[in-house]
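>>> Sequence and computational prediction follow.
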Amino acid sequence: MAYSNKVIDHYENPRNVGAFEKDDPTVATGMVGAPACGDVMRLQLKINDDGVIEDAKFKTYGCGSAIASSSLVTEWVKGKSIDEAAEIKNTDIAQELALPPVKIHCSILAEDAIKAAVADYKEKKA
Amino acid sequence: MNYFELFQLESVFDIDTETLKSNYQKLQRLTHPDKFANASDAQKRIVMQKNAQINDAFHVLSSPILRAEHLLTLRNFQLADANASMSDNEFLMTQMELRESMAVADGRHDLEQILNSIKDEQSAIVKTISENLVQEQDAGNQRAALALTKLKFFTKIRTEVEEKLLHT
């Protein structure tokens, strides 16, 4: 299956790979997995006192589309408020990366990772 | 269609695989196309469909994952969408660690160790599924479905480890 140039670019030069100290109170972590393909995705957001995402990191074990989706998301969320980030839709990701229908679930996984990180942030705040 | 009944098996998770195999071979012989060389086209078509169904059923019942899903479906249990994601943090963390250990594995010995630990996990999960499916009750069905999700991750990673072992 042919990957789009954008997927290949993110796959070959993934942005923001890595992890923050998970005990850091300003870090929210979202972990999601896809049983059907065995992909595991971890998205971490570093959030300042104003609720703005200052930095993001990810680690994904999965196919090129899953890696590209999460890499793209780390670029998109930076500078956004938590609520703005939560509005990112899988369709936006799929469109930007020109994902074929069989790879749409990778973008859904990335959207779910953002949601999981946002939920973690709200839980930590509460 | 109840695949268990097709092979005259009880609708349970712990089936007798020998009976499955022998009944499968019997049905295969009965529906072999050669036997119907002189039959009408309509008859041939029916036999061919039956033969394909027998193969599908055997494939499903031979796989612990597919067998459990089939049993749950027969119990009218709503299985999660195949593409749905899961977010059991603790479990996903161990999956990630397993992937990391795979990435840094150095040589056959490391990979074989990882493979063995995956096999152990798989056996333990299959046992959980089996125990929870003995009786038809919702709590058990749900626990079995969750265990199935985990089994899928291990099945996937096992294929990758075995693939890697082939080239190491």
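That came through, no problem. Just so it is clear, the structure is predicted and the values come from calculations on it, not from any experiment.

>>> Going by C-alpha atoms from here, please, whenever you check contacts or count neighbours.
Fine.

>>> Would you map the helices across chain B?
B:3-6, B:17-30, B:41-62, B:64-74, B:89-104, B:107-133, B:138-166 (DSSP state H).

>>> among those helices, which is nearest chain A?
helix B:138-166 (4.7 Å; C-alpha to the nearest C-alpha).

>>> Which other helices and strands does that closest one contact?
helix B:64-74, helix B:89-104, helix B:107-133 (3 or more C-alpha pairs under 8 Å, 6 or more residues apart in numbering or on different chains; DSSP states H and E).

>>> Reformat the helices of chain B as a markdown table; add mean neighbour count, distance to A:H105 and mean pLDDT.
Shown next, in a markdown table, are those (neighbours: other C-alpha atoms under 10 Å in any protein chain shown; distance: least, C-alpha to C-alpha, whole Å; pLDDT from 0 to 100):
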| stretch | mean neighbour count | distance to A:H105 | mean pLDDT |
| --- | --- | --- | --- |
| helix B:3-6 | 17 | 30 | 97 |
| helix B:17-30 | 14 | 35 | 96 |
| helix B:41-62 | 16 | 24 | 95 |
| helix B:64-74 | 19 | 21 | 97 |
| helix B:89-104 | 15 | 18 | 93 |
| helix B:107-133 | 17 | 25 | 96 |
| helix B:138-166 | 18 | 16 | 95 |
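
>>> Which of these sits closest to A:P14?
A:P14 lies closest to helix B:89-104 among the helices of chain B, at 17.0 Å (C-alpha to C-alpha).

>>> and the angle for the closest one with helix B:138-166?
10 degrees (axes from the mean of the first three to the mean of the last three C-alpha atoms, to 10 degrees).

>>> For A:P100, the count of nearby residues, please.
15 (other C-alpha atoms under 10 Å in any protein chain shown).

>>> which one is it nearest to, not counting chain neighbours?
A:A94 (8.0 Å; C-alpha to C-alpha, 6 or more residues apart in numbering or on different chains).

>>> Could you tell me what pLDDT the model assigned to the one you found?
Note on A:A94: pLDDT of 95.

>>> before we move on, what about A:Y3?
At A:Y3, pLDDT is 84.

>>> what's near enough to touch it?
A:65, A:99 (C-alpha atoms under 8 Å, 6 or more residues apart in numbering or on different chains).

>>> Next: A:V77.
A:V77 neighbours (C-alpha under 8 Å, 6+ apart): A:53, A:56, A:85.

>>> can you pick the most crowded of the residues you listed?
Neighbour max across these (other C-alpha under 10 Å) = A:A56, 27 neighbours.

>>> in what helix or strand does that one lie?
Here A:A56 is covered by strand A:53-61, with elements defined by DSSP states H and E.
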